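Sequence plus the predicted model coming up.
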Amino acid sequence: MLDTVQEPNHIIDSKQFDPIYLNDLFTRSEAMEALVLNRGGSDLLKHRVMVVLFYQPSTRTRLSFETAMSRLGGTVVSTENALEFSSHAKGESIEDTIRTVACYGDVIVLRHHQEGGVKRAARVSPVPVINAGDGPGQHPTQALLDMYTIYKAFGHFAGLTVALVGDLKHGRTVHSLAYLLAKFPIKKLYLVAPEQIAMPIGLYQHLQERVALESCTDLQAIAGEVDVVYTTRLQQEYFEDPAVFQQVQGQYTLHEGVVAQLRQEAIILHPLPRNEEIPYLVDEDPRAHYFKQVRNGLFVRMALLQQVLGA
Ligand code: NCD
């Protein structure tokens, strides 16, 4: 009966999650970690097919989704350069591409080059669509793994001071993460960026109503106060004016002076890929958690696929 057909479990925007969802996801992510360590994986998603469509480059997001599906016994079909290798190059709309691939798979993981592109896809898809990044919009599954990494380090979010650093204007990972952090009683959120690449005003106002928020431009001045420093790459591909890129480049490198200010229990996060924001020397510091993030991403995405597919 058509009227009992349920809406698919799309994952589009980090605002859609609440603390109860996160708590459940984290418990299941821990179970996935144990599963991988003990048995390598399971057959939970056997005979399920995940379609992966990426219109922008990726290393971690695409491969961790594909690994997550493989470790749960499912199958992956993938287009890693959909701008050139899919019928997009022949003028096909995202809607028609999604209607097509939904005939093949049980879930679609989509990275699109335009903000709102994944929402358009979800509107026409009869199977769950997962946003793996939509231009400078959002990247909700990255935010989930970022939150999981913070949770694993501290066991809670209450009372934490977090600094989001770098390209807050175009960085979709910081957008999604900021929305999630604002759902918890954190102590303070610092937005560390020069004016040219500050947080979009709509998101800034959203945060201002929910958390103690402070914008600043001097990372060193606040480094001693923070529990989490989340650094990001300048998203050069979205800068309209190359002169602006030149002006802001290299301003927020985590050089020795900044790292020396960090508290012993603080953690350094980065969604990767990095450019000059974190010198390779910092990798040896026990506070560097960015490769833990990568690893955690696998377990979180396994738990997500389980939930989205109702397994
Ligand atoms: C990020 C992205 O693609 O938004 N990478 C990722 O998915 N881990 C960050 C970036 O490109 O700078």
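On my side now, so go ahead.

so how far is the ligand from residue 247?
The gap separating residue 247 from the ligand is 19 Å, by Cβ to the nearest ligand atom, to the nearest Å. Quick note: C-beta positions are derived from backbone N, CA and C, even for glycine.

And the strands in this protein?
Taking DSSP state E as the test, the strands found in the chain are 49-54, 75-79, 107-112, 129-134, 161-165, 188-192, 213-216, 228-231, 267-269.

and residue 142, which of those is closest to it?
Across the strands of the chain, residue 142 has its closest neighbour in strand 129-134 (7.6 Å, Cβ to Cβ).

rewinding a little: let's have the strands of the chain in TSV, adding distance to residue 283 and mean pLDDT.
Putting the strands of the chain into TSV (distance: least, Cβ to Cβ, whole Å; pLDDT from 0 to 100) gives the following:
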stretch	distance to residue 283	mean pLDDT
strand 49-54	27	98
strand 75-79	30	97
strand 107-112	27	98
strand 129-134	25	98
strand 161-165	17	98
strand 188-192	21	98
strand 213-216	26	97
strand 228-231	13	98
strand 267-269	10	98
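
separation between the closest residue to residue 152 other than its chain neighbours and the ligand?
Spatial nearest neighbour of residue 152, chain neighbours left out: residue 296 (6.9 Å); criterion: Cβ to Cβ, 6 or more residues apart in numbering. Counting by Cβ to the nearest ligand atom, the gap between residue 296 and the ligand amounts to 12 Å.

returning to what we had before: need the strands of the chain in TSV with distance to residue 96 and mean neighbour count, can you?
TSV is the format used below for the strands of the chain (distance: least, Cβ to Cβ, whole Å; neighbours: other Cβ atoms under 10 Å):
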stretch	distance to residue 96	mean neighbour count
strand 49-54	12	24
strand 75-79	14	16
strand 107-112	13	26
strand 129-134	14	27
strand 161-165	37	24
strand 188-192	39	22
strand 213-216	42	14
strand 228-231	37	26
strand 267-269	38	24
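
closest to the ligand out of the ones you listed?
Minimum separation from the ligand across the strands of the chain (Cβ to the nearest ligand atom) falls at strand 129-134, 4.8 Å.

The closest one near the ligand anywhere?
Yes - using Cβ under 6 Å from any ligand atom, strand 129-134 reaches the ligand at residue 133.

If you drop the residues flanking it in sequence, what lies closest to the residue of the stretch 101-250 of the chain at minimum distance from the ligand?
Ranked by Cβ to the nearest ligand atom, the top residue of the stretch 101-250 of the chain for proximity to the ligand is residue 233, at 4.0 Å. Using Cβ to Cβ, 6+ apart and skipping residues adjacent in sequence, the residue nearest residue 233 is residue 275, 5.2 Å away.

Which pLDDT value does the model give the one you found?
pLDDT, residue 275: 95.

Number of residues surrounding it?
For residue 275, the neighbour count with other Cβ atoms under 10 Å is 13.

low-confidence ranges in this protein?
Along the chain, segments meeting pLDDT under 70 span 1-5.

Any buried residues in the helix ranked longest in the chain, and which?
Looking across the chain with DSSP state H, the single longest helix is helix 19-39. Judged by neighbour count using 16 or more other Cβ atoms under 10 Å, the buried positions of helix 19-39 are 22, 25-26, 28-29, 32-33, 35-36.

nearest to the ligand, of the residues you listed?
residue 29 (16.8 Å).

for the one residue sitting closest to the centre of the chain, what are its contacts?
Taking Cα atoms, centre = their mean, the centroid of the chain lies closest to residue 142, which sits 1.7 Å from it. By Cβ atoms under 8 Å, 6 or more residues apart in numbering, the contact list for residue 142 reads 61, 133, 172-173, 176-177, 271, 297.

Quick check: residues of the chain near the ligand?
The interface of the chain toward the ligand, taken as Cβ under 6 Å from any ligand atom, is made up of 60-61, 133, 139, 142, 172-173, 233, 271-272.

In the stretch 51-200 of the chain, what residue comes closest to the ligand?
Closest to the ligand within the stretch 51-200 of the chain is residue 61: 4.2 Å, counting by Cβ to the nearest ligand atom.

gap between that residue and residue 217?
For residue 61, the distance to residue 217 (Cβ to Cβ, to the nearest Å) stands at 30 Å.

Now which of the contacts of residue 142 would you call buried?
Burial by neighbour count, 16+ other Cβ under 10 Å: within these this picks out 61, 133, 172-173, 176-177, 271, 297.

mind putting the residues you listed in TSV, distance to residue 289 included?
Formatted as TSV, the buried ones among the contacts of residue 142 follow (distance: Cβ to Cβ, whole Å):
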residue	distance to residue 289
61	18
133	21
172	20
173	15
176	18
177	14
271	12
297	12
